[in-house]
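> Below is the sequence, then the predicted model.
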Amino acid sequence: MHSNDYFFVSQLERQFTKRCSGAIDWDINKLEVYGSIIINGKSYKPERLFKSKVSDIYQATKGGPNVVFSPNKEFWYANVTLPKGSWLKYWKDIIGGYGYIAFSTNVVIPSLYDKSGLWMSITPAECLSLRPGIKKASGKVMLGGLGLGYMLKAIIAKKEVTEIVLVEQSQELLNWYGYGMCTELEKLHKKKITVICDDVINHLGKTHGDNTWYICDIWRDFPNWYQFLSDEWCEAIDSTKKFWGWGVLRRQYVINMRLSRKQNEEYEMKSYA
């Protein structure tokens with residue numbers, strides 16, 4: 001590295017340190033997202049699924065030392081160290097608009113991996129993008145997707161929620177920690193959690209009542225997947241009265257997208273008739 005490069009790096013470090021004096025505490029219920037934000041790292045303490053030693057991101061991705069494997073090694077968990085000053089993207093909505101968050105100190109990010117790579121991690125972007133769905137949850141909730149249990153824990157803790165039906169496709173995750181987590185949450189909150197191992201699409205709007213909130217957090221990519229919803233998924237969402245999905249702008253958007261597809265198909269059929 002040349003001397004000019006050292007000067008540039010040290011200048012950036014000084015600028016970041018200066019900005020850290022205005023770092024704000026992490027509070028998912030109060031944080032307003034705008035532009036770039038620096039969070040007080042000591043205030044960011046997501047619950048760790050396992051008390052394993054921390055890993056750097058390279059070790060975690062490769063399933064190296066300090067990770068915890070599921071029984072059949074389909075998944076593994078890691079407490080990943082995120083260095084101070086690393087900027088993470090967060091999304092304000094799915095049509096555009098995003099910002100960046102950094103921490104004033106090193107922080108630990110609970111992360112779940114499979115053989116394809118990172119499946120999910122409890123980052124600010126994850127928490128902020130799930131917040132609208134958690135706010136909507138009330139009464140009986142059918143929750144699609146277990147993940148690391150972040151959304152399950154947040155929803156069951158709401159006084160407006162009376163019971164949860166958790167639909168998780170992976171028997172491996174359920175056997176590993178899902179069943180145990182649900183049992184503990186039932187005892188803690190005195191509310192019923194029914195666990196079903198199945199594809200969530202088989203349960204949307206069909207078996208749990210019109211007054212049920214159908215909340216899904218099952219997709220890997222955000223915010224691009226919503227553009228490629230299959231007709232089957234559009235019909236399933238259309239069959240519900242109360243739906244929220246991670247990455248879906250709103251239920252009506254999906255309905256309109258489905259109608260638009262049908263209109264385009266009808267127009268093409270007429271054009272070639």
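Yes, it's here. Numbers count the residues shown, from 1 in each chain.

> so where's the protein uncertain?
Along the chain, segments meeting pLDDT under 70 span 1-13, 92-97, 207, 220-228, 248-273.

> switch the cut-off to 80
The chain contains residues with pLDDT under 80 at 1-18, 32-35, 91-98, 205-210, 219-231, 233-235, 238, 247-273.

> what about the strands in it?
36-39, 54-55, 68-69, 75-82, 88-91, 98-103, 107-114, 117-121, 139-144, 161-168, 192-197, 213-216, 243-245 (DSSP state E).

> Can I get the ones you listed in a markdown table including mean neighbour count?
Backbone N, C-alpha and C define where each C-beta goes, glycine included. Formatted as a markdown table, these follow (neighbours: other Cβ atoms under 10 Å):
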| stretch | mean neighbour count |
| --- | --- |
| strand 36-39 | 18 |
| strand 54-55 | 19 |
| strand 68-69 | 14 |
| strand 75-82 | 22 |
| strand 88-91 | 16 |
| strand 98-103 | 19 |
| strand 107-114 | 21 |
| strand 117-121 | 16 |
| strand 139-144 | 23 |
| strand 161-168 | 21 |
| strand 192-197 | 16 |
| strand 213-216 | 25 |
| strand 243-245 | 24 |
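
> Dump those to JSON lines, plus distance to N29.
Putting the strands of the chain into JSON lines (distance: least, Cβ to Cβ, whole Å) gives the following:
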{"stretch": "strand 36-39", "distance to N29": "14"}
{"stretch": "strand 54-55", "distance to N29": "27"}
{"stretch": "strand 68-69", "distance to N29": "30"}
{"stretch": "strand 75-82", "distance to N29": "22"}
{"stretch": "strand 88-91", "distance to N29": "16"}
{"stretch": "strand 98-103", "distance to N29": "16"}
{"stretch": "strand 107-114", "distance to N29": "19"}
{"stretch": "strand 117-121", "distance to N29": "21"}
{"stretch": "strand 139-144", "distance to N29": "19"}
{"stretch": "strand 161-168", "distance to N29": "16"}
{"stretch": "strand 192-197", "distance to N29": "23"}
{"stretch": "strand 213-216", "distance to N29": "18"}
{"stretch": "strand 243-245", "distance to N29": "18"}
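
> what's the closest of those strands to E184?
strand 192-197 (10.0 Å; Cβ to Cβ).

> Give me the helices and strands touching that closest one, please.
Where contact means 3 or more Cβ pairs under 8 Å, 6 or more residues apart in numbering; DSSP states H and E, strand 192-197 is packed against strand 161-168, helix 179-189.

> the inter-axis angle of the longest one versus strand 161-168?
Looking back up the chat, that one is helix 179-189. If you take axes from the mean of the first three to the mean of the last three Cα atoms, to 10 degrees, helix 179-189 sits at 180 degrees to strand 161-168.

> relative to strand 192-197, how tilted is helix 179-189?
170 degrees.

> who does the residue nearest to D198 when sequence neighbours are not counted bridge with?
Using Cβ to Cβ, 6 or more residues apart in numbering and skipping the chain neighbours, the partner closest in space to D198 is V167 (5.8 Å). With DSSP bridges applied, V167 shows beta-bridge pairing to G144, I196.

> who touches V167 in this structure?
M142, L143, G144, G145, I196, C197, D198, D199, V200, H203 (Cβ atoms under 8 Å, 6 or more residues apart in numbering).

> still on that earlier bit, can you check which of the helices and strands packed on strand 192-197 gets nearest to V107?
helix 179-189 (22.9 Å).

> K153 reaches E186, doesn't it?
No - counting by Cβ atoms under 8 Å, K153 does not reach E186; the two are 12.0 Å apart.

> Of all the strands of the chain, which one is nearest S21?
Across those, closest to S21 is strand 36-39 (Cβ to Cβ), at 9.2 Å.

> As PDB, could you dump the C-alpha coordinates of the closest one?
C-alpha atoms of strand 36-39 as PDB (Å, rounded to 0.1, in the frame of the first residue of the first chain):
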ATOM      1  CA  SER A  36     -27.100   6.500   6.300                       C
ATOM      2  CA  ILE A  37     -27.300   5.800  10.000                       C
ATOM      3  CA  ILE A  38     -24.700   4.900  12.600                       C
ATOM      4  CA  ILE A  39     -26.000   2.700  15.500                       C
END
